[in-house]
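**Student:** quick one, fold the following:
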Amino acid sequence: MTSLAVPLGTTAPGSGNLETIGHPTLWIGTLAVVVGLFVFDFIATRKPHDVSMKEAAGWSAFYIALPLLFGGYIVWRHGTQIGLEYYTGYIVEKSLSVDNLFVFILILSAFAVPRHLQQRALLWGILGALVLRGVFIAVGAVAIQQLSFAFLIFGAILIFTAIHLLLEELRGGEKEIHVSELRIVKVVRRLTPVSDDYEGTKFRVVRDGTRYLTPFALVVLVLLFTDVVFAVDSVPAVYGITGDPYLVFATNAFALLGLRALYFLLEGALSKLVHLSYGLSFILAFIGVKLLLHWAHEDISTSVPEVPTLWSLVVIVGALVVVTVTSLLSNRRTSPPEALVDEETTPGEDVREAEDVRDR
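**Tutor:** You can find the predicted model right below:
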């Protein structure tokens, strides 16, 4: 077969024999690199500091070059088809990760996390995301082996998520997060007192003999809780591209590793991608339909057509290009022209207006 996950990286669902390019040496080497990079990031952020644009750009370039080069190894070692699965899965995961960054920005803003502490908070969130996705990947692999209708479930999850994302975007309105209304925050505050001030990257402080959870710990818990939601659609989405658990893990790991640097690089630009949610909704729905077709092809009739991986890559990249272009055009149309300076306006008023705009 020449399409979708199972035909390219595994045997048919329910066969009990999962094929993968991930031999023990490759798994150990990949895990060592991932763990090593995380350890390095934690050491680098041991002394919190404000991340400059130059630093963010440098690390972002490294974390994008690394998976691209690894894809070259996949193509050389395992052929073009497997390499195509890897690159397509990576693009899907990176796209979803960029959308996740927007939610991270809202969370850090809602908690008023000091800028020099943001990268450490993000790192904990990213580590939690990788661990949770590892669990979901393992569960997904078992489901593919044991359940003939696993792809039906995955496809339904993605289509439901796509519809929810689209409806949420169509409702319009400014996306905001209210800390006091978050369920996880309410539960934590019932269980333990939370201090008012940040104490660096400390999770707990002791005051007058009482242990308090810090706002930083609360932020990390919210990020981890959010990671669970992200994993629900992220893992089935990449399983719609490849059924090889190793490739699923590798694409997730490489997509997540560079998020800390990418956050600071795209912090301002993300707000300009006003149509990104529409594109991701389309991509999730497309992969969901692809999974349903694959399930029907395997369990109902081989006459049901499947979507080749190459077409998937073209459709996904095309969708991302379209929403990026339309977002830029939309921003250009809605951006107000430069205001002419009123001769009667005092310099002090100009400064106050500029500060208001910046604060907003």
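
**Student:** ok, now which ones touch residue 251?
**Tutor:** 67, 86, 89, 90, 92, 93, 238, 242 (C-beta atoms under 8 Å, 6 or more residues apart in numbering). The C-beta positions use only the backbone N, C-alpha and C, and glycine is treated the same way.

**Student:** where along this structure do the strands fall?
**Tutor:** For the chain, the strands defined by DSSP state E cover 204-207, 210-213.

**Student:** just put these in TSV and tack on mean neighbour count, distance to residue 264 and mean pLDDT.
**Tutor:** Below are the strands of the chain laid out as TSV (neighbours: other C-beta atoms under 10 Å; distance: least, C-beta to C-beta, whole Å; pLDDT from 0 to 100):
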stretch	mean neighbour count	distance to residue 264	mean pLDDT
strand 204-207	11	27	85
strand 210-213	15	26	85
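
**Student:** can I get the ones you listed in a markdown table with distance to residue 193?
**Tutor:** Below are the strands of the chain laid out as a markdown table (distance: least, C-beta to C-beta, whole Å):
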| stretch | distance to residue 193 |
| --- | --- |
| strand 204-207 | 9 |
| strand 210-213 | 5 |
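
**Student:** how about those strands, which one is nearest residue 178?
**Tutor:** Comparison of the strands of the chain against residue 178 by C-beta to C-beta identifies strand 210-213 as nearest, at 19.2 Å.

**Student:** still on that earlier bit, the strands of the chain: which one's closest to residue 163?
**Tutor:** The nearest among the strands of the chain, by C-beta to C-beta, is strand 210-213 at 36.7 Å.

**Student:** what helices and strands are in contact with the closest one?
**Tutor:** Counting contacts by 3 or more C-beta pairs under 8 Å, 6 or more residues apart in numbering; DSSP states H and E, strand 210-213 packs against strand 204-207.

**Student:** name the surrounding residues that touch the strand it packs on.
**Tutor:** 195, 199, 211, 212, 213, 214, 217.

**Student:** any idea how far the residue nearest the centre of the chain is from residue 35?
**Tutor:** By C-alpha atoms, centre = their mean, the chain has its centre lying nearest to residue 97, at 1.9 Å. Look at residue 97 and residue 35: by C-beta to C-beta, to the nearest Å, they are 19 Å apart.

**Student:** what's the answer for residue 86, then?
**Tutor:** 21 Å.

**Student:** so these two - more neighbours on which side?
**Tutor:** residue 86 (29 against 11; other C-beta atoms under 10 Å).

**Student:** separation between the more buried one and residue 246?
**Tutor:** From residue 86 to residue 246 the distance is 10 Å (C-beta to C-beta).

**Student:** no further questions, thank you.
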